[in-house]
Structure formats: structure tokens, C-alpha cells
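1. My questions are about this predicted structure, shown below with the sequence.
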Amino acid sequence: MKFLITGGAGFIGSAVIRHIINHTDDEVLNVDKLTYAGNLESLVEVEKNTRYSFHQIDICDEVAVAQIVKDFQPDIVMHLAAESHVDRSIDGPAEFIKTNIVGTYTLLEVLRKYWLTLGGDKKAKFRFHHISTDEVYGDLEGTTELFTETTSYAPSSPYSASKASSDHLVRAWYRTYGFPTIVTNCSNNYGPYHFPEKLIPLMILNALDGKPLPVYGNGQQIRDWLFVEDHARALYQVVCQAAVGETYNIGGHNEKQNIEVVRTICALLDELKPRDDKQSYTSLIRYVTDRPGHDVRYAIDASKIARDLNWEPLETFETGLRKTVEWYLNNLEWCRRVQDGSYQRERLGVN
């Protein structure tokens with residue numbers, strides 16, 4: 001099949017592309033604007049494969065999107081392009097509204113018109129898979145309940161509100177036009193090639209540099225953690241097997257407090273890369289003012305995807321986090337190039 005993947009230079013998108021190229025015979029076209037979080041160095045291992053190609057496109061550019069769809073003639077579209085960092089959405093929400101809402105609308109309209117031109121088997125098999133987040137559901141503070149596919153939306157941040165809006169658009173295009181969509185909502189991803197401003201890579205790299213490890217509030221916010229390669233496998237399985245109009249929650253069955261995550265990272269680094277002064281990395285932990293509107297707990301019920309599609313995560317949090325820390329220790333040059341911006345300067349031709 002021919003997969004058009006938006007946001008394929010991002011953290012999750014690049015993992016999906018690596019999975020498809022390395023484990024299937026499918027063809028992939030990666031469409032990415034290459035904002036600060038888009039990094040083609042995450043795709044070096046597949047970039048020379050004849051089944052992979054890349055085009056730098058803004059999904060809000062209707063003309064460019066329509067042209068690439070016409071030229072490539074996709075069977076499957078997996079929509080991962082999004083602004084996704086909560087802190088950035090608080091500081092500057094406009095870009096989140098543009099990319100996550102207007103960009104999704106643009107894709108839906110271009111692809112709906114394309115889908116209407118298809119005939120027979122190709123039209124019947126076409127799918128638009130929208131990849132979203134558990135943050136659209138809001139906060140589970142004070143309860144032991146889990147997010148299910150029927151949980152009401154109650155987003156707290158500009159980021160999660162923009163993703164909730166895009167989810168609603170996708171479902172409306174299915175309900176109103178019969179456009180064949182699928183939606184998935186995932187928990188916090190982690191793993192190799194994660195952008196260094198996110199919690200786990202930030203803690204690893206700050207620790208290695210001897211910098212403070214900033215923890216919001218009391219650090220007791222709870223998240224469900226999903227290894228990115230497990231997520232990539234789930235996404236491919238969903239888009240190939242799920243019925244049109246379905247929604248699936250994808251989680252790792254790993255509820256952890258943020259402070260617990262940070263302390264586990266410190267323990268792994270104490271083992272794998274001890275400090276010269278022999279102190280534990282936990283001495284670098286610093287509690288900082290909490291984020292505005294910070295949700296206390298997210299937790300996903302992933303029983304539906306297990307029941308319907310026989311998917312389960314392969315990694316526990318312990319095995320996945322160890323693999324992640326080891327990857328960062330072995331790929332510090334990739335990290336430095338992201339941190340100093342050289343990966344962006346080179347692609348823009350700036351010396």
C-alpha cells in the first residue's frame with residue numbers, strides 16, 4: 001500500500017515510518033513542514049530506501065497538499081503533523097490553532113475530494129487515520145477511573161483544546177460526508193529520537209550535563225507511558241485492521257508519577273554513567289513552580305484495542321526506559337545537534 005504520513009519527521013511520525021519501511025513492503029511519502037521538532041536525522045536509516053520519499057510541505061497549504069496527493073495517489077493517510085508541546089501552547093497558542101485545527105481541516109477537505117475521485121477497490125480501502133492524544137479527555141484527579149473511548153472531552157490547555165477540535169472535525173467528516181476516518185488517542189510516548197525539551201530526554205541530558213532537573217510542583221502528576229515503537233506498531237495495526245469510524249485508545253499500562261520517572265532515570269544513569277563525584281543524579285532534582293492548568297492524572301484503558309485487534313505493548317516501563325536511556329547515551333551527537341540547532345541550520349543551508 002501507499003502511505004502518506006504527515007509529520008513524519010517528528011518523534012512518533014518517524015517511528016511509524018521506520019516501522020513501515022523496516023517491517024512491511026509498503027511505500028511511504030513523508031510530508032512535513034520541518035518546524036523546530038521536525039528532524040530528518042531521525043530517518044537516516046531509511047532515507048535511501050526506494051520505498052521512502054520526503055516532501056517539505058505545510059499542511060495548511062491547500063494547493064501544495066492537493067498537488068502531492070494528486071501525484072502520489074495514497075491508499076492510506078496517517079495524520080501526525082501537529083504542534084504538541086503544552087508549554088509552548090501556553091506561551092503562543094496561535095500556531096497550535098493554525099496547525100492542529102486549520103491544518104487538519106485542510107487535509108480533510110483535500111482528501112475528501114480526492115477520495116470522491118477514486119473508484120472500486122481503491123476507494124473502499126482508503127483510510128484517513130487521525131492520531132491524537134489522551135490529553136483531550138482532561139484531568140482524572142481524585143478518581144481511579146481510566147479514559148475510555150467514550151470519555152467526554154474536557155481539554156485543559158491550548159494544545160489539548162486544539163487537538164480536541166481536530167478530533168471533532170475528523171468525526172464530523174465521517175458522520176456528514178461518509179469520509180472513511182479512524183481516530184486513535186495515545187498516552188505519553190517516550191523512546192529514541194524524542195525531542196530534548198520533553199520530560200524524559202530533558203532529564204537525561206540535563207543530568208549528563210550536571211544541570212538541574214526541574215520538576216513541576218510536587219512532581220506527583222501521573223501519566224501513562226507508552227514506548228514509541230509499541231505505539232508505531234499499534235498505529236499500523238489499527239489503520240490496516242480497524243473498521244471505518246472507530247476510535248481506539250492506545251496506552252502502555254504504565255501509570256507513573258513524574259517524580260518517580262525522574263528518580264528512575266537517575267538510578268539508571270547512576271548505574272550506566274556514574275558521576276565523577278560519585279554522587280547520585282537525584283541531587284540535581286529541583287522543584288519549580290507548577291505549569292498553569294496542569295492536569296494531575298491521565299490514565300488510559302487500552303482494553304478495546306487488545307480485545308478487537310489483539311494488540312498489547314511489548315515493553316514494560318522498566319525495559320522501555322532502560323532502552324531509552326541507553327539510546328541517548330549512545331547517541332549524544334544526535335542530541336547535541338538538536339540542542340544547538342545545527343540539524344536545522346544544515347537543512348536550511350545556513351553555516
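-> Nice, I can see it. Numbering: from 1, shown residues only.
2. Can you pull the poorly scored residue ranges out of the stretch 101-250 of the chain?
-> Along the stretch 101-250 of the chain, no part satisfies pLDDT under 70.
3. can you give me the strands in it?
-> 127-133, 181-186, 188-190, 213-216, 222-227, 247-250 (DSSP state E, counting those that start in this stretch).
4. what about those strands, which gets the closest to residue 291?
-> Closest of those to residue 291 is strand 213-216, at 5.4 Å (criterion: CB to CB). Bear in mind the C-beta positions are built from the backbone N, C-alpha and C, glycine included.
5. Of all the residues in the closest one, which ones are buried?
-> For strand 213-216, burial by neighbour count (16 or more other CB atoms under 10 Å) applies to 213-216.
6. These into JSON lines, with extra columns for distance to residue 33?
-> Compiled in JSON lines, these are given as follows (distance: CB to CB, whole Å):
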{"residue": "213", "distance to residue 33": "31"}
{"residue": "214", "distance to residue 33": "29"}
{"residue": "215", "distance to residue 33": "32"}
{"residue": "216", "distance to residue 33": "29"}
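7. Residue 206: which of these is nearest?
-> residue 213 (5.5 Å).
8. Any chance of JSON lines for the strands of the stretch 101-250 of the chain, columns distance to residue 95?
-> Converted to JSON lines, the strands of the stretch 101-250 of the chain look like this (distance: least, CB to CB, whole Å):
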{"stretch": "strand 127-133", "distance to residue 95": "17"}
{"stretch": "strand 181-186", "distance to residue 95": "22"}
{"stretch": "strand 188-190", "distance to residue 95": "21"}
{"stretch": "strand 213-216", "distance to residue 95": "23"}
{"stretch": "strand 222-227", "distance to residue 95": "24"}
{"stretch": "strand 247-250", "distance to residue 95": "26"}
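9. closest to residue 336 among the buried residues of strand 213-216?
-> Using CB to CB, the buried residues of strand 213-216 come closest to residue 336 at residue 213, 18.7 Å.
10. pretty sure that closest one is touching residue 285, no?
-> Yes - here residue 213 reaches residue 285: they are 4.7 Å apart, a contact under CB atoms under 8 Å.
11. Now the common contact residues for those two.
-> 262, 266 (CB atoms under 8 Å, 6 or more residues apart in numbering).
12. ok, residue 58 touching residue 31?
-> No - using CB under 8 Å, residue 58 is not in contact with residue 31, being 9.2 Å away.
13. Looking at those two, which is more packed in?
-> Taking other CB atoms under 10 Å, residue 58 and residue 31 do not tie; residue 31 has more neighbours (29 against 18).
14. and the more buried one, that one's in a strand?
-> Yes - checked against DSSP: H, G, I helix; E, B strand; the rest coil, residue 31 lies within a strand.
15. Just the helices from the chain, written as ranges.
-> 11-23, 62-72, 86-91, 94-96, 103-117, 120-125, 158-177, 199-208, 228-241, 258-272, 303-309, 317-330, 332-339, 342-347 (DSSP state H).
16. which one of the ones you listed lies closest to residue 145?
-> helix 303-309 (13.3 Å).
17. Nearest to residue 289, out of the strands of the stretch 101-250 of the chain?
-> Residue 289 lies closest, by CB to CB, to one member of the strands of the stretch 101-250 of the chain: strand 213-216, at 7.7 Å.
18. Off-centre distance for the closest one?
-> 22 Å (CA atoms, centre = their mean, to the nearest Å).
19. how near is the closest residue to residue 207 other than its chain neighbours to residue 236?
-> Counting by CB to CB, 6 or more residues apart in numbering, residue 207 lies nearest to residue 281, which is 4.5 Å off, once chain neighbours are set aside. Plainly put, residue 281 is 36 Å away from residue 236 if you go by CB to CB, to the nearest Å.
20. more crowded one of the two?
-> Between residue 281 and residue 236, counted using other CB under 10 Å, the more crowded position is residue 281 (24 against 21).
21. tell me the pLDDT at that one?
-> Looking at residue 281, its pLDDT reads 98.
22. Look up how far residue 181 lies from it.
-> 44 Å.
23. Output the helices of the chain as JSON lines; include the columns distance to residue 152.
-> Converted to JSON lines, these look like this (distance: least, CB to CB, whole Å):
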{"stretch": "helix 11-23", "distance to residue 152": "25"}
{"stretch": "helix 62-72", "distance to residue 152": "32"}
{"stretch": "helix 86-91", "distance to residue 152": "20"}
{"stretch": "helix 94-96", "distance to residue 152": "21"}
{"stretch": "helix 103-117", "distance to residue 152": "21"}
{"stretch": "helix 120-125", "distance to residue 152": "32"}
{"stretch": "helix 158-177", "distance to residue 152": "10"}
{"stretch": "helix 199-208", "distance to residue 152": "27"}
{"stretch": "helix 228-241", "distance to residue 152": "22"}
{"stretch": "helix 258-272", "distance to residue 152": "25"}
{"stretch": "helix 303-309", "distance to residue 152": "17"}
{"stretch": "helix 317-330", "distance to residue 152": "28"}
{"stretch": "helix 332-339", "distance to residue 152": "37"}
{"stretch": "helix 342-347", "distance to residue 152": "39"}
